[in-house]
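> Using only what follows, build the 3D model:
(3 chains)
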Amino acid sequence: MSAAVQGRAGGRRIRPFDWRHNPGFGFFTALIMLFLYVPLVVLVVFSFNANHFVTVWTGFSLHWFVRVAHNGDIRHAAYISVIVGVMATICSTMIAIAAALGFERGGSFRGETSAMGLVMMPLVVPEIVTAITTLIFFSSIGFHYGVLNLVIAHTVFCIPFAMLPIQARLRAIGTGYEDAARDLYGDEWRIFLRITLPLMVPGIMAGSILAFVTSLDDFLISFMVSSAGSTTLPVYVYGMMRLGVTPEVNAISAILLVISAALALVAFLISRPNEAGAAAGGTVAATTN
Amino acid sequence: MIKLRPVFWLLLPAVGVIFVFGAIPLLISLVYSFLTANPYGGVAMPPTFSSYVQMLFDQDFDGSLVFMPDYIWIAVRSLYLALLTTMLSLAVGFPVAWYIVCQSPNRRKVLLTLVSLPFWINTLIRTYCWILILRDEGLINGFLKWLGIIQHPLPLLYNQGAILLGLVYTFLPFMVLPIYATLERLDPRLIEAAYDLYANRWQLFRRVIWPLTKPGIAAGTVLVFAPALGAFLQPDLLGGGKQLLIGSLIEMQFTSSRNWPFGAALSMLVTFAVLVALAWQSRRSKAGAEARA
Amino acid sequence: MLHMAALKTSTDGDRARMASVALSDADRPVTRMVPQPDPLRHLIEVVQVEKIFGDPTNGHKALEAINVSIEEKEFFTLLGPSGCGKTTLLRMIAGFEHPTTGEIRLQGRDVASLPPRTRPVNMVFQNYALFPHLTVAQNVAFGLEMLNWKKPDIAARVNETLALVKLDTFRQRKPAQLSGGQQQRVALARALAPRPQVLLLDEPLSALDLKLRREMQFELKRLQRETGITFVLVTHDQEEALAMSDRLAVMNTGRIQQIGTPEEIYDNPANRFVADFIGEANLIPGAALGRNASVVIAVRPERVALASPDMPARLRGVVDSATFLGSDTLMEVTVPSGRVRARIRGAARLAPGTEVGLAWPADAERELAD
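Below is the predicted model:
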């Protein structure tokens, strides 16, 4: 502190040695951030483009959003996406709450590592493999119920995403409050309702939002599992993309992008920063332990 | 009667659901890979190895098997692109992770959020963004034409470079986050001790940081490699289907080619490669844990 | 003072109520829970308790051959360095840990295997563990709700207890809106509200600054006097232990070293560890004083006097340093067997290197087995 003051007084800043200061790394990181975000910004900007050449800017317009809103097929696909997303979120969050409690409060037990490995399996297996094995599974048992197939498939891969923030939250709370409640004559069920559950709420909110986003974003698994009547929005958009780059694709893509990003941000804000990190890098915990 | 602990009931739904709808399908697919293809989709009897034979040989008109390297080339190309993606992500991701660790807690939070946010955005749409930028009438070609540097658009899209770009773009967060997680746990006093003992930046990196970050690097490597190997969208949208990769090949078996056993067999191949990578990583992170101790 | 009278009269009724709860929840039938005058029975008896963490044959032995009796209305302290097993013992009395062997008796009943909620014992946790989503009043009411008290009774008891800890005006605050000292009081109120027979305090003052800690020491003594509840305190701070306790147990490496009143322990340390841990002590090998070589002699620095070289002295040495501390001076004297510290009243300006004799009265010596 005093060195900085003196440095300024001398008209020349003295930079004390600090290993945290690495010249060039900040610039490099800024470039990478541009690399990550410029394409997204390009999409959103061009979705407001007035003409139909898509990447030649001629003026601001909401025309293509209106077109999208009037497209019955898109509306139906969006409806399917929301139904599947909500159902899968509810199922996976309930399952994830129980599982997080089991892992964090169940004590150690034989096969804990295997159980964790199995629950994290959807994170490690490549999507294409999950997609075709699920397709084969439903076909082999003759299970063809449209939206229900999608809900089941989505629930499976949403479980780990819902569980990680809840688990992180439970770990952050610690067992101290529950011990105190036990000391104050609480039985396990009332302790859960009065103490553990209310304290878990931020984790549950973050987990359920992330599960919903994961479901909403999924393309490949839905693409393989969905049938004629149960096309989700990303699958429909993919079909549009295959036909060519059009302003409608831009508009609907921009909508999906903004919804996903906004929901993920909300989830980050709800859960504490460390837990958000855990949620985002959830796969880290799954594979480094 | 055996009294089951509550933990059993708590884990039962998760373990049960993922076992029935995640693990069993893998086993069924393994069985399918040994069955005969039904040209109308699905499978038929009798059991056969033909799906695996098909990866290496083609059946000639007279029924004799002829060695055919096409699928091997696809596998090699997929492997090569996945490895290249992993290496590029590491080269780019490590400095970013290091920079984030060096920031104040508040800036770390912001930067981490920025790095992880794209992960939650639809891969389909993130990939599509690059079409807007790279295609013939796209942003880059349009800009260069406007400057008068080029007359005809550069072929930026529909090649291996575009696929690679898309893969790195999609999976970079998977590399940054685990490396960041291990760097964050690094005791800053180790770094200060190394500087105190006359290390320069490169020596510090080579002798202290890199060895201690190995578990995170191993985790990031698997997290990028596994999905990159099975990638479908990036080669499909950015490669334009010209550069066939194993992910697209699998997809084709269930859509246009209708050869489910072959698709199942290819999936088993990808799963096997991922398992090998996981085993490698778990050995690496154990070695890293020992180095830390 | 009025509410104190009400408090006193309600205590017995509460105990009966508590007893009935314990009776309905206990895993085995309870014969006697309501206290009856019995001069031979202690409130808490810890009998031959051993605790091994992990593998029973070669796991970590946290507690060994522990025998303690705690009386009613007593302020009892478990004192020892960190890792000595004092918190484990406290958690055992609360019911969070179970002894590997031995018994924990509460009013004669072995409770060693009973869960915490069946014991009329409440705890003030080290970091208070106040429920962050509940208000002060809700925190204090929690135990009473769990005991299925009626609403008006709960309200009355919460008011009474908050008045007792002087927090009446903070009922609607959340714990995060309170200072450390106030949180401490809420934790006390929460644990006292069900009027337990024993209040357990796990390093309750360690999170407070020095001034507040002194204040809370008086406060805890007052609460104990006014409620007549037995307090069992765990601390590593010997000053705190000496100042507050009726009796204390000094623990080290999982064993009890000595039990006694603060005076007994200070004046008659049972062994080398106690002499060294409680206050300051010079531990002089017996051989240096012409005694049996297998003993050490403990002498408190404040009992050591300086003698001029020509006067008779127990030990002779050379002044190493003299540190003026205000009310007295700390002398370090190098003697043939090592170093001896002496606290001399007032200023004693002796230059390092000065030869001095060291003397002390015979009753200042304690002979300890090495």
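> Low-confidence ranges, chain A, go.
Flagging of chain A using pLDDT under 70 yields the residue ranges A:1-19, A:50-57, A:272-289.
> In chain A, which residue sits closest to chain C?
Of all residues in chain A, the one sitting closest to chain C is A:Leu184 (3.5 Å; C-beta to the nearest C-beta). All C-beta atoms are positioned from the backbone trio N, CA, C, and that covers glycine.
> Relative to chain B, how far out is the residue nearest to that residue when sequence neighbours are not counted?
Once flanking residues are discounted, A:Leu184 sits nearest to C:Gly143: 3.5 Å by C-beta to C-beta, 6 or more residues apart in numbering or on different chains. Look at C:Gly143 and chain B: by C-beta to the nearest C-beta, to the nearest Å, they are 24 Å apart.
> who does the helix or strand where C:Gly143 lies touch, helix- and strand-wise?
Under the criterion of DSSP states H and E, C:Gly143 resides in helix C:136-146. Judged by 3 or more C-beta pairs under 8 Å, 6 or more residues apart in numbering or on different chains; DSSP states H and E, helix C:136-146 is in contact with helix C:151-164, helix C:180-192.
> Let me see the residues that make contact with the shortest one.
In other words, helix C:180-192. A:180, A:183-184, C:122-125, C:128-130, C:136, C:139-140, C:142-143, C:161-162, C:164-167, C:170, C:175, C:178, C:199-200, C:204-205, C:207-209, C:212, C:215-216, C:219-220, C:223, C:227, C:229 (C-beta atoms under 8 Å, 6 or more residues apart in numbering or on different chains).
> Next: the longest one.
Helix C:151-164 is contacted by residues C:3, C:6-7, C:136-137, C:140-141, C:144-145, C:149, C:168, C:170-171, C:189, C:192-193, C:223, C:226-227 when judged by C-beta under 8 Å, 6+ apart.
> rewinding a little: take the helices and strands packed on helix C:136-146 and write them to JSON lines, including mean pLDDT and mean neighbour count.
As requested, these are exported to JSON lines (pLDDT from 0 to 100; neighbours: other C-beta atoms under 10 Å in any protein chain shown):
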{"stretch": "helix C:151-164", "mean pLDDT": "94", "mean neighbour count": "17"}
{"stretch": "helix C:180-192", "mean pLDDT": "92", "mean neighbour count": "22"}
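> can you tell which of those is closest to C:Val111?
Each of these has some distance to C:Val111 by C-beta to C-beta; the shortest is helix C:180-192, at 17.8 Å.
> Alpha carbons only: can I get the closest one in PDB?
Extracted C-alpha coordinates of helix C:180-192, given in PDB (Å, rounded to 0.1, in the frame of the first residue of the first chain):
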ATOM      1  CA  GLY C 180     -21.300 -12.500  17.700                       C
ATOM      2  CA  GLY C 181     -22.100 -11.800  21.400                       C
ATOM      3  CA  GLN C 182     -25.800 -11.600  20.600                       C
ATOM      4  CA  GLN C 183     -25.700 -14.900  18.700                       C
ATOM      5  CA  GLN C 184     -24.000 -16.400  21.700                       C
ATOM      6  CA  ARG C 185     -26.900 -15.400  23.900                       C
ATOM      7  CA  VAL C 186     -29.500 -16.700  21.400                       C
ATOM      8  CA  ALA C 187     -27.600 -20.100  21.400                       C
ATOM      9  CA  LEU C 188     -27.800 -20.000  25.200                       C
ATOM     10  CA  ALA C 189     -31.400 -19.200  25.300                       C
ATOM     11  CA  ARG C 190     -32.200 -21.900  22.700                       C
ATOM     12  CA  ALA C 191     -30.500 -24.500  24.800                       C
ATOM     13  CA  LEU C 192     -31.900 -23.200  28.100                       C
END
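> Could you spell out the sheet neighbours of the next helix-or-strand element following that helix, each with its direction?
Note on helix C:180-192: by DSSP H and E, the next helix or strand toward the C-terminus is strand C:198-202. Using DSSP bridges, the strands paired with strand C:198-202 in its sheet are strand C:121-124 (parallel), strand C:230-235 (parallel).
> And the contacts of the shortest one?
The reference is to strand C:121-124. A:180, A:183-184, C:90, C:93-95, C:106, C:143, C:184, C:187-188, C:190-192, C:194, C:196-202, C:204.
> Buried residues, the strand or helix carrying A:Pro160. List them.
Under the criterion of DSSP H and E, A:Pro160 resides in helix A:147-173. By neighbour count on 16 or more other C-beta atoms under 10 Å in any protein chain shown, the buried set for helix A:147-173 is A:147, A:149-171, A:173.
> likewise stretch C:337-345?
Residues of stretch C:337-345 classed as buried: C:340-344 (neighbour count, 16+ other C-beta under 10 Å).
> if we take the residues you listed, which one ends up nearest to A:Val44?
Of all those, A:Val44 sits closest to C:Arg341, with 75.7 Å by C-beta to C-beta.
> Would you mind writing the CA trace of stretch A:250-263 as CSV?
Extracted in CSV, the C-alpha atoms of stretch A:250-263 (Å, rounded to 0.1, in the frame of the first residue of the first chain):
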residue,chain,number,x,y,z
ASN,A,250,-31.8,-16.9,-36.6
ALA,A,251,-34.8,-15.6,-34.7
ILE,A,252,-35.8,-18.9,-33.0
SER,A,253,-32.1,-19.7,-32.2
ALA,A,254,-31.7,-16.3,-30.6
ILE,A,255,-34.8,-16.9,-28.5
LEU,A,256,-33.5,-20.3,-27.3
LEU,A,257,-30.0,-18.9,-26.7
VAL,A,258,-31.3,-16.0,-24.5
ILE,A,259,-33.7,-18.3,-22.5
SER,A,260,-30.9,-20.8,-21.8
ALA,A,261,-28.4,-18.1,-20.8
ALA,A,262,-30.8,-16.2,-18.6
LEU,A,263,-32.0,-19.4,-16.8
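> Right, I'll call it a day here.
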